[in-house]
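# need a structure here:
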Amino acid sequence: MLGVKQEVIKLVQSLPDEVTVDDIMAVLYFKLQVDAGLKELDEGKGIPHQEVESRMSKWLSR
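Now for the predicted structure:
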């Protein structure tokens with residue numbers, strides 16, 4: 001398993017050469033959020049699919 005520093009280096013190296021610092025920050029932030037969400041799911045803190053459908057239908061019917 002890679003350490004955080006190695007994961008970041010690998011991620012940055014996978015980006016195109018013309019990437020900007022803003023692009024790198026956006027990718028890192030996205031990864032941070034996805035990882036946090038996956039951790040919550042692993043801990044059983046997710047919202048059941050039916051609940052998501054119920055909430056979405058309320059938003060979409062307005």
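# gap between residue 9 and residue 15?
Between residue 9 and residue 15 the computed distance is 11 Å (Cβ to Cβ, to the nearest Å). C-beta coordinates here come from the backbone N, C-alpha and C atoms, glycine included.
# swap in residue 4?
Distance of residue 4 to residue 15, given as Cβ to Cβ: 17 Å.
# these two: who's more crowded?
residue 15 (12 against 7; other Cβ atoms under 10 Å).
# so what does the longest helix along the chain touch, helix or strand wise?
Counting by DSSP state H, the longest helix found in the chain is helix 21-42. Judged by 3 or more Cβ pairs under 8 Å, 6 or more residues apart in numbering; DSSP states H and E, the packing partners of helix 21-42 are helix 4-13.
# quick one, the helix it packs on and helix 21-42 angle?
Angle between the axes of helix 4-13 and helix 21-42 is 130 degrees (criterion: axes from the mean of the first three to the mean of the last three Cα atoms, to 10 degrees).
# so, low pLDDT: which residues of the chain?
Along the chain, the model assigns pLDDT under 70 to residues 62.
# distance of the residue most central in space within the chain from residue 16?
For the chain, the residue nearest the mean C-alpha position is residue 34 (2.1 Å; Cα atoms, centre = their mean). Distance, residue 34 to residue 16, by Cβ to Cβ: 20 Å.
# next one: residue 6
Between residue 6 and residue 16 the distance is 20 Å, computed by Cβ to Cβ.
# and the two? which has more neighbours close in?
Each of residue 6 and residue 16 had its neighbours counted (other Cβ under 10 Å), and the higher figure belongs to residue 6 (10 against 6).
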